[in-house]
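Trainee: need a structure here:
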Amino acid sequence: MEEILHQVADTHPGLVQNTNWGEVGLFYNPENKLKKGIYLLTIKERDGANDQASSLDRENVYRLNLGITKETFLKMFNTIPARPNAGGVVNMDYDFSEIDKIMPHPVYGWMSWICVLNPSVNTFEKLKPLIEEGYQLALKKYAKKVK
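Mentor: Numbers count the residues shown, from 1 in each chain. Coordinates of the predicted model:
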C-alpha cells in the first residue's frame with residue numbers, strides 16, 4: 001500500500017495525502033487552496049458500516065479505489081449502475097471480495113469509480129493509464145473549483 005501511494009504521489013505533482021473514514025487518500029490540492037482537494041484515489045483497509053462488500057476485514061486485504069471518466073467506465077463495464085441505497089452495493093455481477101481483479105467500486109461504481117483488492121505488479125501496471133486518466137480528471141475538477 002505504501003509503495004503504491006508513494007509511486008503515485010511521486011509521479012503526479014500536486015497530490016497530498018489525507019486520511020478520512022478509515023481510508024488513506026491522495027487528493028490533488030497544490031498549495032492547499034481547497035479544504036481537502038480533489039480525490040484521485042484511496043486505499044481502504046477495513047469494512048465500514050455502508051461498505052462491506054469487499055470483506056476488507058480479512059488479514060492483509062486492502063482495496064485501491066480510483067475515479068475514472070464515465071466514458072472509460074462504460075468501455076470497461078458496458079453500463080453505469082444506479083446509485084445503491086445506503087449500505088447497499090451497485091447492482092452488477094461481480095464478486096467484490098475477489099483479489100487482484102479490476103472491477104467497479106461496490107458502492108461508488110455509479111460515480112465511475114473502480115477498485116481492485118491487493119493489486120499485483122501486473123494489475124498495477126494495467127492501472128497506471130487509469131490512474132493517469134483519474135489524475136487528468138482531478139486537474140479539470142480542481143480548475144473549476146478554484147476559479
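
Trainee: outside of the helix or strand bottoming out on mean pLDDT in the chain, which residues touch it?
Mentor: Taking mean pLDDT, DSSP states H and E as the measure, the chain has strand 15-20 as its least confident helix or strand, at a mean of 92. Residues from elsewhere that reach strand 15-20 (CB atoms under 8 Å, 6 or more residues apart in numbering): 5, 8-9, 24-29, 32, 36-37, 40. C-beta coordinates here come from the backbone N, C-alpha and C atoms, glycine included.

Trainee: And the strands in the chain, which stretches?
Mentor: Counting by DSSP state E, one finds strands in the chain at the ranges 15-20, 23-28, 38-44, 63-67, 103-104, 113-117.

Trainee: Partner strands of the first one, with direction?
Mentor: The one in question is strand 15-20. strand 23-28 (antiparallel) (DSSP bridges).

Trainee: So for whichever helix in the chain runs longest, mean pLDDT?
Mentor: Taking DSSP state H as the criterion, the chain has its longest helix at helix 121-145. Mean pLDDT, helix 121-145: 97.

Trainee: buried stuff in that helix?
Mentor: Residues 123-124, 127, 130-131, 133-135, 137-139, 141-142 are the ones in helix 121-145 that count as buried (16 or more other CB atoms under 10 Å).

Trainee: hmm, which of the contacts of strand 15-20 are the buried ones?
Mentor: Buried among these (16+ other CB under 10 Å): 5, 8, 24-29, 37, 40.

Trainee: Of those residues, which is the nearest to Y108?
Mentor: G25 (12.7 Å; CB to CB).

Trainee: My guess is the closest one contacts L64. True?
Mentor: No. Proximity of G25 to L64 does not meet the contact threshold set by CB atoms under 8 Å, at 11.0 Å.

Trainee: Now list whatever residues contact both of these two.
Mentor: 41-43.

Trainee: Quick one: buried ones out of these?
Mentor: 41-43.

Trainee: could I get these as TSV with distance to P13?
Mentor: Putting the buried ones among the shared contacts of G25 and L64 into TSV (distance: CB to CB, whole Å) gives the following:
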residue	distance to P13
L41	15
T42	19
I43	20
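
Trainee: just curious, which of those is nearest to K75?
Mentor: L41 (19.3 Å).
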